[in-house]
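Enquirer: A structural model of the following input is requested.
(chains A and B)
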Amino acid sequence: QQQVKQSPQSLIVQKGGISIINCAYENTAFDYFPWYQQFPGKGPALLIAIRPDVSEKKEGRFTISFNKSAKQFSLHIMDSQPGDSATYFCAASEWTGGFKTIFGAGTRLFVKA
Amino acid sequence: KAGVTQTPRYLIKTRGQQVTLSCSPISGHRSVSWYQQTPGQGLQFLFEYFSETQRNKGNFPGRFSGRQFSNSRSEMNVSTLELGDSALYLCASSTGVTDTQYFGPGTRLTVL
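Expert: Okay, the predicted model is just below:
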């Protein structure tokens, strides 16, 4: 019940295309859903996050879509660029007397120039 | 504001030794969480400290421990190192009031 399932494991997209990464969860106590971007040799960087009271959040080229009833959320990267090539992690967080964040397995995105 | 800093960045130890990693959170942040990142298991939650108290912990053996000081800096200790402890250890800081976390660059631990 604590898992966050992320797909696909890897993704190749043409420059200018749309990259879509999906995540699913079981635990309905999760109430914060962030996405992180990680480049080799670096720590994950917070990209965008959403709470379950909204169905969509957009920041620049990055959009989170959230489906509470299906317990799924996804990241859309519009106009994908070679500089977006990185590993992306979805995560889900809950309060259990302290914050506990569970991460998906990650998606390696490669944007072809 | 300065970001999260972790020291050292790289460590090589041998089996059976112990190691201490350090994390300085963003100024004003009172919560520090630690994660282990490996290619096989991904990012796994170790524990969270807030105002010098452990508030939450993941499913790791007692060899993994931590503490937080009054200035919010945190240390993580791993005793009796095993080969499988080789990983990138990440700390993340937050205000502790919200769950928005900011990660440091990590400490790469290699156990030989």
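
Enquirer: Quick check: which ranges of chain A have low pLDDT?
Expert: A:1-2 (pLDDT under 70).

Enquirer: quick one: contacts for the closest residue in space to residue A:28 that isn't next to it in sequence?
Expert: Excluding its sequence neighbours, the residue lying closest to residue A:28 (C-beta to C-beta, 6 or more residues apart in numbering or on different chains) is residue A:71, at 7.2 Å. Every C-beta, even on glycine, is put in place using the N, C-alpha and C of the backbone. Contact analysis of residue A:71 by C-beta atoms under 8 Å, 6 or more residues apart in numbering or on different chains lists A:24, A:25, A:26, A:28.

Enquirer: Sort out which residues of the longest strand along chain A are buried, please.
Expert: For chain A, the longest strand by residue count, based on DSSP state E, is strand A:86-95. Using 16 or more other C-beta atoms under 10 Å in any protein chain shown as the test for burial, strand A:86-95 gives A:86, A:87, A:88, A:89, A:90, A:91, A:92, A:93, A:94.

Enquirer: I figured the first one hits residue A:37, correct?
Expert: Yes - at 5.0 Å, residue A:86 and residue A:37 qualify as touching, with contact defined as C-beta atoms under 8 Å.

Enquirer: Could I get the contacting residues of the closest residue to chain B within chain A?
Expert: Residue of chain A nearest chain B, by C-beta to the nearest C-beta: residue A:98 (2.7 Å). Neighbouring residues of residue A:98 by C-beta under 8 Å, 6+ apart: B:48, B:50, B:54, B:55, B:56.

Enquirer: so where do the strands sit in the chain?
Expert: Unless you meant another one, I'm taking chain A. So, for chain A - with DSSP E - the strands run A:4-7, A:10-14, A:19-25, A:33-38, A:45-50, A:56-59, A:62-67, A:72-77, A:86-95, A:99-103, A:107-112.

Enquirer: my bad, the chain I had in mind was chain B
Expert: B:5-7, B:10-13, B:19-24, B:31-38, B:42-50, B:53-57, B:64-68, B:74-78, B:87-94, B:102-103, B:107-111.
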